[in-house]
Structure formats: structure tokens, C-alpha cells
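> here you go, sequence then predicted model.
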Amino acid sequence: MAFSCSLQNLIFSTFQPHNSIVPSLSVSTLLFSRPSSSKLSLRIRFTPTPSSTIRASSSSSTIIAEPEGIKIISIPTKPIQGQKTGTSGLRKKVKVFQQENYLANWIQALFNSLPPEDYKNGLLALGGDGRYFNREAAQIIIKIAAGNGVGKILVGKEGILSTPAVSAVIRKRKANGGFIMSASHNPGGPEYDWGIKFNYSSGQPAPESITDKIYGNTLSISEIRIADIPDVDLSNVGVTKFGSFSVEVIDPVSDYLELLESVFDFHLIKGLISRSDFRFIFDAMHAVTGAYAKPIFVDELGASLDSITNGIPLEDFGHGHPDPNLTYAKDLVNILYAENGPDFGAASDGDGDRNMILGRSFFVTPSDSVALIAANASETIPYFKTGVKGLARSMPTSGALDRVAQKLNLPFFEVPTGWKFFGNLMDAGNLSICGEESFGTGSDHIREKDGIWAVLAWLSIIAYRNKDTKPGEKLISVSDVVKEHWATYGRNFFSRYDYEECESEGANKMIEYLRERVSKSKAGDKYGSYVLQFADDFTYTDPVDGSVVSKQGVRFVFTDGSRIIYRLSGTGSAGATVRVYIEQFEADVSKHDLDAQVALKPLIDLALSVSKLKDFTGREEPTVIT
């Protein structure tokens, strides 16, 4: 005799086959049977709930090892299309990562791509920006790391570690590498974005030689190796051991703060921030730097607590878009541009590697920011007292930094977009300070761009310039410093037009059209009032290892130094983001106060006409102008 009944929604939270390898299981069918000569038996068939991201069942998974009592299980899987790493990791919508084995496949493909000596019995770091899905993802990554023979994982408390902090932890603790759970400046929450990337032992993002291997392995993967261990409590600092494998939950701020204290003169900065005639505001955008702002700016540097806004990290960034620019950080912009606004304002992004700098009624472009920091570094920042080794910028970033390098007689490098291209130069001792126009600035103190570092660099410059300013005297302002720089070096008017989430087909056709136009162009061609010097699709040969990357952006460079550049961004999670960069140099001081959009209008009109952007994308207006 046998009968069955369905209980579709019953959850047995205490029943954890393989100790929570499957996050939650539901009872789908109960089978009762009474064999002819036995007691009544109960068999319960469990199936994963829709939220499960790794599928494991007794019929398909196999125990393949038991080192020091930990069961290592092999779970059969199949390749999933579309897991190609972009400029800075794999980024998709949360619901994509929640699909069965989606994240697990990529993590396993990573281990399949690394030399065993880079992780076997080794030390890896793990952290993220606190966005939705990080908690579940952290447990999956920990278990797969253990399943592949990693010896120890360092993870930030609650899974929190900013991108620059991960790099700092890797370098200080001499880790083999680390995982960063973030989609950076992209929105968070169940309906939005999630991302993952891997940084190597120097703290820099994995090179394309590794990310290409990861993608190749996602197309051939057949098993996931995962440890049969329970979820780790990430809410308390301490060590949890599972045989030869251990997880250490660390304070997310301490290693990073210690590094910053060795770079900057905190006493000098504190002297500025504590002045009664200086007002400072930092907008953490409900992102990861909310965990760092109070310990650094308030506890160490003496800023008032109310100078930190949106300082609590939230899984959905408070329904905001954690991208520190004039559009998405509009509330901060309004505060600085209000009558009698603060003297200094700054913001950082989702994972803490980008920054925006503002003075009272004054915006500092990222291109100018890195140039200003480089020009003042050896005088104002102790880390650079012995000199600056070299300077570098991403190709689309304005030429303002080039002029500083030339005047200071420093080595200079132009690299593709993507922080990993700076890392080789830093490791070879050729580069100290670098930046990208996409609000990323940093130095060789780590191997990532660093939002709080940039804020502290600017505070150091302002503090140094005002160290002899007495109470009641007018402070030297952000705008004073920038305009003085322009008077010395000239001004590179610069703007970027972003067209987000365009249809990929139209965006790609536009780029192909531009490449064809480049192939037919020649020096001396007329573009309205501009005369072409050259046009190309940027190719970069790494001066350290000789590696070559091509198709990094279509450039039209004119004889007066003006430039128009077109790129498809690799940091989005859906569709294609078209970026158009427009730049024009102006030596005449009397014209330096012009609004950038006014000064660049003829070139902007030319850029839109040359590309036929509206025809290809259907877009009338950009999503963001910076």
C-alpha cells in the first residue's frame, strides 16, 4: 500500500543536506509505504526552492575527497553562455546570478584557470560593497574555495570590504588574491545589478590572460567542486575552522586605515578640517564608504558627524544610483552650489574606488583632478616626498596630466580604460599617480583606484595651501587652486556624454561605421573648422610585458590638439553604454572661466554628426553629461 500528498510550500529550515550547500529546500512530495513485513516507513523527497543558486542532489553529486574530515563534493554542471568578463569583472542583473549554478560556474571556472600554486593551501581575501545578494554569494564563494583546496579566506565583517580595501588587505597580508563582490557604480537591489571580479597577489585586477581563460572555461565546465560545510557567521570578527580550511572575519577598516595613515599627513589634514571657518561634507551615497567615512573623517580627522551624509551602507543604496557625478550625486552638487555652501565636498561610489571633488560652486573634472594631485603631490603628501616615479592616464582622459608630466620631466603613459593596465607599470616601478576620466584616481599605494585616497589627497593640497592662513583671513579655495593650475598649464576643456543601456546592435553598428571611416581617413582631412591630425582605433602595447590589446576606442585627433573619442563601456550589466569624449585645449587665461559645454559646443556638434549617433541608437539626448 502506498499513497502520496503534495506540500509545495513547506520549508524545513532545520534540514540541511550537505550542510547548506543548497541554501533552502522545500518538500515537494511525501511518500508513505508499508512493505509486507516491515513497519510504516516515511520517505521525503526534497527539491530546491527557486532561490537556490547551486543544485546538489544525492543522485548526481559525488563525494570526491575528505581532507581532514571535510567532504568535498563534485556537482555536475553545464556551461552557461554569456559569462565573459568585462572591463572590471562579470556584471549582470541579480536575477541572472540567482539562476542555478550561474555564480558557482564562474567561480569554479576561475579556479580552473589559475595555476594551482596560486591558490592551493593559499590565502584569499573576500569582500564587497554590501549590495543585495552579497551575503548569499559570499557563502557560495567560501564553499567553492574550500572545495578547491584554498587554505584560508579573509572576509570583511558582514562581507564588507571596499575595492581599495581589498587591494590593501591582499598586499598587507600577502594573500594570493581576492574576490570583490560589486558592480561598482551600478544600482543595487533585487531588480538591479551584481558583479564579481578577482584581484591577483599584487592587489590588481586579474589580467586579460586570466579573464580570457575564465571565459573559455565557462564554456567547457562540467563540475563544481564544493566543500560540505555550513554557512559561516560573518557578523563577528574571529576565526572559524573546518579541518585544514579556515575563515577569518576581519575588521573592514583597520588595514586600509593603517595604510592611509602611512601615505598622508593626518595631522595636517586634521588642522584644516577642525578649523571653524572650513566646512567639509562627504556623501557616501549609502554605499560601502559609509563604513569607512566615520572611522576616517570623524574619528581620526575630527570632522563633525553631520558632515557625513548617506553614511549607512544599504543593499539597494537607498534606491539611489551610487555613481558620484553631476547627475547621480545631484543632492551633493546642490548643497555645494547653494548660497554660502560648504568649502569642500566629495562623494564616492558603490564600492569606494571612484570619487567626485567639489569646491563651493565649483566642480573639479576627474581629468583636472589627477593632474592637480600629480602637480602638488611631492610638496603636500608625505608618501611622495622622495619623488614621483611616473604618471599615467587612460586614453579617453584629457591631456591635462600630460602637461604636468612634461613640465616636471616625468615618465608618462597612456593606457586603455581599465585599472589593470596601470598595475604592470606600478609593479615595474614606473608609475606613481594615475587616473581615469570616469572618476577614478589613485596611486601605487595599492593596485586599484581609490575614492577616499583622492579625497584625502585634495584635503592635503587645500590644507597645505592654508597652513599659514590665520583665522579670519580668506582661505585659499578649491577653485583658487584649480584656476592657478590652469594659469600655469592651460585648461583642457573636457566633457563626456553617456548614452546608457542602448540597444547593443545599434551601438555596435555605430562603432563599426566609425572604424570604417577611420580606415579611409588621412591627415589633413577637414571636419568643419577642424583639421585632422590622425584617426585610429586605439591599440596599446604594454611596455613591461609586451602584451597587446586593440580596439580600445575610436579617436579623431585634430591639429589644434582637440579630440573626439568613442567607446562602448564594459562596466554595464545590460545593453550597451555608448561614451563620447570631447576635449579642447585652451591656453588663453581669459577664456578659462567659460562653461565647458559652451566652449566645446562646436566640437560636440561635430562629434554627434560624425558618428550619426542618433541614427544608430535612436537617442536624442545623453543619459549623463560630465
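Nice, I can see it. Keep in mind that what you see is a predicted model, and the values were worked out from it rather than measured. Numbering: from 1, shown residues only.

> switch to C-alpha atoms for all contacts and neighbour counts from now on
Noted.

> A138 and Y383, how far apart?
Distance, A138 to Y383, by Cα to Cα, to the nearest Å: 34 Å.

> mind checking how far the closest residue in space to S550 that isn't next to it in sequence is from T417?
For S550, ignoring the flanking residues on the chain, the nearest one in space by Cα to Cα, 6 or more residues apart in numbering is T539 at 4.2 Å. As judged by Cα to Cα, T539 and T417 stand 11 Å apart.

> and E583, by the same measure?
17 Å.

> and what of V549?
Distance, V549 to T417, using Cα to Cα: 11 Å.

> what do you get for H319?
28 Å.

> likewise for L408?
Applying Cα to Cα to L408 and T417 gives a distance of 24 Å.

> and these two? Which one has more around it.
T417 (24 against 13; other Cα atoms under 10 Å).

> so what pairs up with the closest residue to that one other than its chain neighbours in the strands?
Among residues not flanking T417 along the chain, S394 sits closest, at 5.2 Å (Cα to Cα, 6+ apart). With DSSP bridges applied, S394 shows beta-bridge pairing to V415.

> list the contacts for the spatially most central residue of the chain?
Ranked by distance to the mean C-alpha position of the chain (Cα atoms, centre = their mean), the top residue is S184 at 4.1 Å. With contacts defined as Cα atoms under 8 Å, 6 or more residues apart in numbering, S184 is in contact with 129, 195, 349-353.

> quick one: which of those is nearest G147?
When the contacts of S184 are compared for distance to G147 (Cα to Cα), G195 comes out closest, at 21.8 Å.

> show me the strands in the stretch 351-500 of the chain, by range?
Using DSSP state E, counting those that start in this stretch, the strands of the stretch 351-500 of the chain run over residues 355-359, 362-364, 391-394, 412-415, 433-436, 440-443, 491-502.

> redo those as TSV? Include distance to Q81, mean neighbour count and mean pLDDT.
Converted to TSV, those look like this (distance: least, Cα to Cα, whole Å; neighbours: other Cα atoms under 10 Å; pLDDT from 0 to 100):
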stretch	distance to Q81	mean neighbour count	mean pLDDT
strand 355-359	34	25	98
strand 362-364	41	19	97
strand 391-394	30	26	98
strand 412-415	30	20	97
strand 433-436	31	27	97
strand 440-443	31	27	97
strand 491-502	20	21	93
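
> quick check: the gap between the closest residue in space to N148 that isn't next to it in sequence and I70.
Once flanking residues are discounted, N148 sits nearest to R225: 6.2 Å by Cα to Cα, 6+ apart. R225 is 12 Å from I70, where distance means Cα to Cα.

> which of these two has more residues huddled nearby?
With neighbours defined as other Cα under 10 Å, R225 and I70 compare such that R225 has more, 27 against 17.

> that one: which element?
strand 223-227 (DSSP states H and E).

> so how far is that strand off the chain centroid?
28 Å (Cα atoms, centre = their mean, to the nearest Å).

> could you do stretch 566-586 as well?
For stretch 566-586, the distance to the chain centre is 16 Å (Cα atoms, centre = their mean).

> then stretch 518-528?
36 Å.

> report the buried residues of that stretch.
The neighbour-count check on stretch 518-528 (16 or more other Cα atoms under 10 Å) flags 518, 521 as buried.

> one more: stretch 368-378?
Neighbour-count burial for stretch 368-378 [16+ other Cα under 10 Å]: 368-377.

> which SS state does the residue nearest to the centre of the chain fall under?
Following DSSP: H, G, I helix; E, B strand; the rest coil, S184 is assigned to coil.

> so how far is Y132 from it?
On the measure of Cα to Cα, S184 and Y132 end up 13 Å apart.

> next, the distance between the ends of stretch 436-454.
Span of stretch 436-454 from end to end, Cα to Cα: 12 Å.

> check stretch 522-538 too.
Start to finish, the residues bounding stretch 522-538 are 16 Å apart (Cα to Cα).

> ok, stretch 291-308 next?
End to end - Cα to Cα - stretch 291-308 spans 11 Å.

> ok, now stretch 438-448?
Span of stretch 438-448 from end to end, Cα to Cα: 14 Å.

> repeat for stretch 377-392
With Cα to Cα, one end of stretch 377-392 sits 14 Å from the other.

> determine how far that stretch lies from the middle of the whole chain.
25 Å.

> show me what it is in contact with.
So stretch 377-392 is contacted by 262-265, 374, 401, 405, 410-415, 422, 429-435, 457, 460-461, 464 (Cα under 8 Å, 6+ apart).

> let me see the contact set for Q81.
Contacts for Q81 (Cα under 8 Å, 6+ apart) come out as 218-219.

> let the chain start at 48 from now.
Will do, 48 is the new start, and the previous item becomes Q128.
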